[in-house]
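>>> Below are the sequence and a predicted model for it; my questions follow.
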Amino acid sequence: MKTVRVDLDDRSYPIYIGNDVLGAEHLAQHIPGRQVLVVTNETIAPLYLERTLAELSDFQCDAVLLPDGERYKTLETAGRIYDRLLESRMDRQVTLVALGGGVVGDITGFVAATYQRGVHFVQIPTTLLAQVDSSVGGKTGVNHPLGKNMIGAFYQPRCVIADTRTLATLPERELQAGIAEVVKYGLIRDAAFLDWLEAHMSALLARDPEALTYAIEQSCRHKAEVVAADEREAGQRALLNLGHTFGHAIETHTGYSEWLHGEAVGTGMCMAARLSAELGWISEADCARTERIVAAAGLPTRPPRMASERFLELMAVDKKAIGGKIRLVLLKALGHAVVTQDFDPSALDRVLAEYA
Ligand code: NAD
Ligand code: GLY
């Protein structure tokens, strides 16, 4: 088992990573009161709810099952959790346990941040994406019909339990989407990790437990360092959005139904690398290497057909944009990213014309 710490003073917490860490009694140790509400969904409950409840046999425990899907990441679904908390007379000492992917984790964290002005919560992420990204760092929230993740709070969990055993049941496409976020850490801040990923991509795709544990540990270490330095995204945390501005345009254009988030991020990272090469910041060879790594993960490297004006318009709706001006995460080298508004817009036009 590996442990990575997120250092945030009195809100610091551990991330436990490994095979069967759920069974290693970490969960109970991070629950301060007697009451627990496990939040999960209809797909994950038959797979892992019983196992989780077995770890909670000493607590007064209840579970709520949400419908499965990004379209249910809404205030209305959050309302169902508040209803259950109140109906079950859960008090301020209750701990919410999020058992699932990023959707369950983000909603549960938001409810934990707001129920009685804040109660404890624990993350048990069950997708690779959630284990390497969404369960760590305290971004919680729900979608609004006019924008993704537009309602939310920064609220840290008391611990994260990333059990690689749960990834055995993850659909192939979801695994590949999670790998996109792993590649992201290599591209933005760790060239050596990128070398490792190239050498171990087949092991990751084959769900080799050692390879998965290493990739999750390195990813969480990077995320923990960035979050500890810039919890509320005043600066460098925005680097974690490499590929996301391009990716969000693809997700919005395709109605959040055809492309998984990680797939859009994979293509977005290829487009960010292409723009970085167009600006002369990285070589053509590094741009081609980025594309090869993304493709090796089984991810798309090209967006769907769409007018470049439409692509640009959707990119401008990004949360990073300031005064309508697009800010992007671009590469100065593989392993070194920057957040910048300072790029030649005609280079972006050329990339969009070529790709979209
Ligand atoms: P998800 O939560 O929708 O899970 C993907 C699918 O896999 C779902 O159908 C789910 O039921 C199923 N599933 C989950 N675990 C499983 C398992 N072990 N076996 C079989 N099936 C399983 O998607 P996701 O990719 O985990 O998360 C995406 C969400 O995360 C988005 O809403 C995104 O906005 C959010 N996100 C948040 C952050 C953050 O920092 N908070 C970061 C990145 C993404
Ligand atoms: N997923 C980006 C962040 O947590 O900041």
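Cool, the structure landed. Ligands and ions are numbered 1, 2, ... in the order given.
>>> can you list contacts of the helix or strand that contains residue 52?
Secondary structure from DSSP states H and E places residue 52 in helix 50-54. Outside helix 50-54, the residues that touch it by C-beta atoms under 8 Å, 6 or more residues apart in numbering are 22, 23, 27, 38, 40, 61, 63, 97, 99, 124. C-betas here are computed from N, CA, C, even on glycine.
>>> helices and strands around the helix or strand harbouring the last one, which ones?
If I follow you right, that is residue 124. Assessed by DSSP H and E, residue 124 sits inside strand 120-125. If you count contacts as 3 or more C-beta pairs under 8 Å, 6 or more residues apart in numbering; DSSP states H and E, strand 120-125 packs onto strand 95-100, helix 102-114, strand 160-163.
>>> Please see if the second one touches ligand 2.
Think helix 102-114. No. Residues of helix 102-114 are not located near ligand 2 by C-beta under 6 Å from any ligand atom, the shortest gap being 9.1 Å.
>>> That helix vs strand 120-125, what angle?
Between helix 102-114 and strand 120-125, the angle comes out at 170 degrees (axes from the mean of the first three to the mean of the last three C-alpha atoms, to 10 degrees).
>>> do helix 102-114 and ligand 1 meet?
Yes. Among the residues of helix 102-114, 102, 103, 104, 106 lie within reach of ligand 1 under C-beta under 6 Å from any ligand atom.
>>> May I have that helix exported as CSV, CA atoms only?
This file holds the C-alpha atoms of helix 102-114, laid out as CSV (Å, rounded to 0.1, in the frame of the first residue of the first chain):
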residue,chain,number,x,y,z
GLY,A,102,-16.3,11.6,-10.1
VAL,A,103,-20.0,12.2,-10.4
VAL,A,104,-20.9,10.6,-7.0
GLY,A,105,-17.7,12.2,-5.4
ASP,A,106,-18.5,15.7,-6.7
ILE,A,107,-22.2,15.6,-5.6
THR,A,108,-21.4,14.0,-2.2
GLY,A,109,-18.7,16.5,-1.5
PHE,A,110,-21.0,19.4,-2.3
VAL,A,111,-23.7,18.0,0.0
ALA,A,112,-21.1,17.5,2.8
ALA,A,113,-19.9,21.1,2.3
THR,A,114,-23.5,22.4,2.7
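>>> Run the angle between that helix and strand 95-100 for me.
Going by the same axes, to 10 degrees, helix 102-114 makes 170 degrees with strand 95-100.
>>> buried ones in helix 102-114?
102-114 (16 or more other C-beta atoms under 10 Å).
>>> for ligand 2, what are the nearby residues on the protein?
133, 137, 139, 237, 240.
>>> got a list of what the fourth one touches?
Just to be clear, that refers to residue 237. 137, 226, 227, 229, 230, 231.
>>> try 6 Å
Residues in contact with residue 237, defined by C-beta atoms under 6 Å, 6 or more residues apart in numbering, are 226, 230.
>>> which residue packs closest to the residue of the chain found nearest ligand 2, ignoring adjacent ones?
With C-beta to the nearest ligand atom, the shortest gap between the chain and ligand 2 falls at residue 240, namely 4.0 Å. Sequence neighbours aside, residue 226 is the residue nearest to residue 240 in space, at 6.1 Å (criterion: C-beta to C-beta, 6 or more residues apart in numbering).
>>> Give me the buried positions along the helix or strand that contains that neighbour.
Using DSSP H and E, residue 226 sits in helix 209-229. Within helix 209-229, the residues that count as buried by 16+ other C-beta under 10 Å are 211-224, 226-227.
>>> elements contacting it?
The helices and strands touching helix 209-229, judged by 3 or more C-beta pairs under 6 Å, 6 or more residues apart in numbering; DSSP states H and E, are strand 2-6, strand 13-18, helix 172-189, helix 191-205.
>>> and that helix, how far from the chain's centre?
Its chain's average C-alpha position is 12 Å from that of helix 209-229, according to C-alpha atoms, centre = their mean, to the nearest Å.
>>> got the contact list for it?
Contact partners of helix 209-229, identified using C-beta under 6 Å, 6+ apart, comprise 2, 4, 6-7, 15, 17-19, 131-132, 136-137, 162, 164, 182, 185, 189, 193, 200, 203-204, 237.
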